[in-house]
Every structure is written in structure tokens, then in C-alpha cells.
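K.L.:
Quick one, structure for this:
(one chain, ligands or ions: 1)
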Amino acid sequence: MAAIGFIGLGNMGGPMARNLLKAGHALKVFDLSAAAVDGLVEAGATKAASASDAAADVEFVVTMLPAGEHVRTVYLGDGGLLASAAKGTLFIDSSTIDIPSARETIAAAEKAGMMMLDAPVSGGVGGAEAGTLTFMVGGAAEAFAKAKPILEKMGKNIFHAGAAGNGQVAKVCNNMILGISMIGVSEAFVLGEKLGLDAQTLFDISSTASGQCWSMTSYCPVPGPVPASPANRNYKPGFTAGMMLKDLRLAQDAAKTARSPIPLGAQAAQLYALMEAAGEDNIDFSGVIRLIRGEI
Ligand code: NAD
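P.N.:
Numbers count the residues shown, from 1 in each chain. Here you go, the predicted model:
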């Protein structure tokens, strides 16, 4: 059993922290939302007075925050974690953030005598609740080996992606594939429909032919073929179009820095941005099919 600080108890962090408690770890928790903290305290965690309090007298600290600016504030800001935590503390940041923020924060942690990994996740709230997340981890091999047993209590597939920041690289690349492929599948199903091909028939053919992909077989954007997909519950998320847009914007920033062309990634970002402009960014990202149909 380890003593773990957990900061950021939102849609993802809340259930991840619960799984650490269930595994028998001792948790000190902090969030700006008192209600989020109270929920975890009821489940057996100890309430911390601040982020730095959550990081005091613990071996590990997990952070699950919205974006790079929050991670910078919590770690690098006045009275932030790196100014107050004990040397040797192992930080695991599972937030999805920009690559430069991840690399700079990890370098600062190492300079302060601490260990730190970027460990963004895939799998959504369902995966966080079920403890089946995929972790894409960047950072020193020694820190990864130490963190792995903790990550295994929250996830099923734990990958070491290489040096600091490479977890975020894997995450933006994976989600760019996902954002693009969902649009491709949506276009095909709308085209098929308009040409008189039944959605189930197209699914039966394409899911066993070369058009097969996760966006079709696990998350089909039309109701029917995949009963668990958000299309069957009026595009209730799941993973919102707004979150997909956030990740595609991170991919665009990264591509600019790397001078790597991402014409389809850029186009995909624009389509999810249209959903945002129409006030539809809170529906599941597979609801992009509604944009293709002209319903948004
Ligand atoms: P969320 O907004 O539900 O939770 C974030 C939490 O951080 C909130 O409870 C907020 O109060 C807290 N917070 C913000 N600033 C803070 C601070 N300075 N100190 C302490 N707490 C602070 O977001 P989420 O859906 O849990 O997502 C968290 C991260 O995981 C994001 O980076 C997101 O991109 C990524 N992610 C989300 C999903 C998903 O499906 N929701 C899937 C994969 C990855």
C-alpha cells in the first residue's frame, strides 16, 4: 500500500482516485471543487487543504487537470508542488496537455530532485470507472517502473512511450487518427444512406472489409449496428466534440512546431470547431455525423 496524493477529481480523476482507494492505497485528495473532494472523502480518502498539502508526506502524486495552464500553475506556480514536495516524490501527470508544458514541467521536477512522468490516458469516463484506461507514458525508465504498479490499478494497457513528453505525443497522434476516422466513417454512412444503402448492410460489409476501423466497429456514428455507441442515446457523451477539438488543436500546435503537414488533422479540427460555433460541442464527437447530414 502506498501513500498517494491526488489532485484534480473531475470526470476522469474522480473515478481514477476511487480505483486507487479500492486497491487499498491511502489517498490525500485536493480539488478546487469542494463537492468533488467530499465525494472522495466519503469513499475513504483524506481531505488535503491545498495542492501542496496533498503532495506532502506521500510517495506518489497523480494530477488530472484540464489543460497545460492548470498543470503549470499547480506544479510551477508560487507555492506549487515543485517548491514544496519532498525530494524523491514521483509525480504522474495524466492530464492531456501541450507537449512543451509537459517537457518543461518534467525538466523542472527533475532539477528539483523529484521524478515526473507525463501519462495521458485514452478510454474516457467509462474506462476510468472500469479501471481499463490505456496509459501512454513519457519519462525516465526508472520512474516508469516505479509508477507502473500504481497505473495498473487505474488502467489495463500501460505503455512506456519513451522520453519526457512522449506520452503526450502518442496521445495527440492517436486522437488525431480518431478525430479524422470518425469524420470518414460519418461521410460514408451519410453517402450510403443517400444512395439507398441501409446502414446495417454497409456496417456488415465494411466492418469485415478494408474500411474497418474503431470509429466504425466500436463507436459507430449511426444508431443500430453497435448498440453501445453514443448514436443510440442521441449522442450523449462519451467523449465530447469539445474535447476532441481540444486534442486536435494540440495536434495542430505540435505539427506547427515539428513542421509536419497534417492537412486532414487541420480539416478535422475545423469541422469540430463548427460544432463548437453551433453550441453543439457538448454532444459526443461522433455527433459530427449530424454536421455532415446538415442537421447542425
Ligand atoms: P474535468 O473538468 O471534469 O476535471 C478537472 C478537475 O480539475 C476539476 O474537478 C477541476 O475543479 C480541477 N482543477 C482545475 N484546476 C485545478 C487546480 N488548480 N487545483 C486543483 N484542481 C483543479 O476534466 P476531465 O474530463 O476529468 O479531464 C481531465 C483531463 O483528462 C483533461 O486534460 C482531459 O483532456 C483528459 N481526458 C479526458 C477524457 C474524458 O473523456 N473526459 C478522456 C481522456 C482524457
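
K.L.:
tell me which residues in stretch 134-146 are buried?
P.N.:
Neighbour counts over stretch 134-146 (16 or more other Cβ atoms under 10 Å) mark T134, F135, M136, V137, G138, G139, A140, A143, F144, K146 as buried. The C-beta positions use only the backbone N, C-alpha and C, and glycine is treated the same way.

K.L.:
can you redo those as TSV with distance to A51 and secondary structure?
P.N.:
TSV is the format used below for the buried residues of stretch 134-146 (distance: Cβ to Cβ, whole Å; DSSP: H, G, I helix; E, B strand; the rest coil):
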residue	distance to A51	secondary structure
T134	26	strand
F135	22	strand
M136	24	strand
V137	22	strand
G138	22	strand
G139	20	coil
A140	23	coil
A143	20	helix
F144	23	helix
K146	21	helix
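
K.L.:
May I see these organised as TSV, with pLDDT added?
P.N.:
Output for these, formatted as TSV (pLDDT from 0 to 100):
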residue	pLDDT
T134	98
F135	98
M136	98
V137	98
G138	98
G139	98
A140	98
A143	98
F144	98
K146	98
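
K.L.:
hmm, which two among those are most spread apart?
P.N.:
With distance counted by Cβ to Cβ, no two of the buried residues of stretch 134-146 lie farther apart than T134 and A140, which are 20.5 Å apart.

K.L.:
And the residue of this structure closest to the ligand?
P.N.:
Closest approach between the chain and the ligand, counting by Cβ to the nearest ligand atom: G10, at 1.8 Å.

K.L.:
As CSV, could you dump the C-alpha coordinates of stretch 135-149?
P.N.:
Taking only C-alpha atoms (Å, rounded to 0.1, in the frame of the first residue of the first chain), the coordinates of stretch 135-149 have been written out as CSV:
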residue,chain,number,x,y,z
PHE,A,135,-1.8,5.0,-20.2
MET,A,136,0.7,6.5,-22.7
VAL,A,137,3.7,7.3,-20.5
GLY,A,138,6.7,9.5,-21.2
GLY,A,139,9.8,9.9,-18.9
ALA,A,140,12.7,8.1,-17.3
ALA,A,141,12.6,4.3,-17.3
GLU,A,142,13.2,4.1,-13.6
ALA,A,143,10.2,6.4,-12.8
PHE,A,144,8.1,4.4,-15.2
ALA,A,145,9.0,1.1,-13.5
LYS,A,146,8.1,2.6,-10.1
ALA,A,147,4.8,4.1,-11.3
LYS,A,148,3.6,1.0,-13.2
PRO,A,149,2.0,-0.9,-10.3
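
K.L.:
And the ligand, is that stretch touching that?
P.N.:
No: for stretch 135-149, no contact with the ligand is found by Cβ under 6 Å from any ligand atom; the gap never falls below 10.5 Å.

K.L.:
what comes up buried for the lengthiest helix in the chain?
P.N.:
Longest helix in the chain, counting residues (DSSP state H): helix 166-194. Neighbour-count burial for helix 166-194, counted by 16+ other Cβ under 10 Å, picks out 166-183, 185-186, 188-190, 192.

K.L.:
Contacts made by the following helix or strand past that helix with the rest, please.
P.N.:
Taking DSSP states H and E as the definition, the helix or strand that follows helix 166-194 towards the C-terminus is helix 199-206. Residues lying outside helix 199-206 but in contact with it, judged by Cβ atoms under 8 Å, 6 or more residues apart in numbering, are A188, F189, G192, E193, Q212, M216, C220, V222, G224, P225, V226.

K.L.:
any idea how far F30 is from L82?
P.N.:
Between F30 and L82 the computed distance is 16 Å (Cβ to Cβ, to the nearest Å).

K.L.:
The two: which has the busier surroundings?
P.N.:
F30 (25 against 22; other Cβ atoms under 10 Å).

K.L.:
quick one: the residue lying closest to P237 once chain neighbours are set aside and Q200, what's the gap?
P.N.:
Closest residue to P237 apart from its sequence neighbours, by Cβ to Cβ, 6 or more residues apart in numbering: D284 at 4.3 Å. With distances defined as Cβ to Cβ, the gap from D284 to Q200 amounts to 20 Å.

K.L.:
Just want to know which of these two has more residues nearby.
P.N.:
Between D284 and Q200, counted using other Cβ under 10 Å, the more crowded position is D284 (24 against 12).

K.L.:
Local confidence estimate at that one?
P.N.:
Looking at D284, its pLDDT reads 97.
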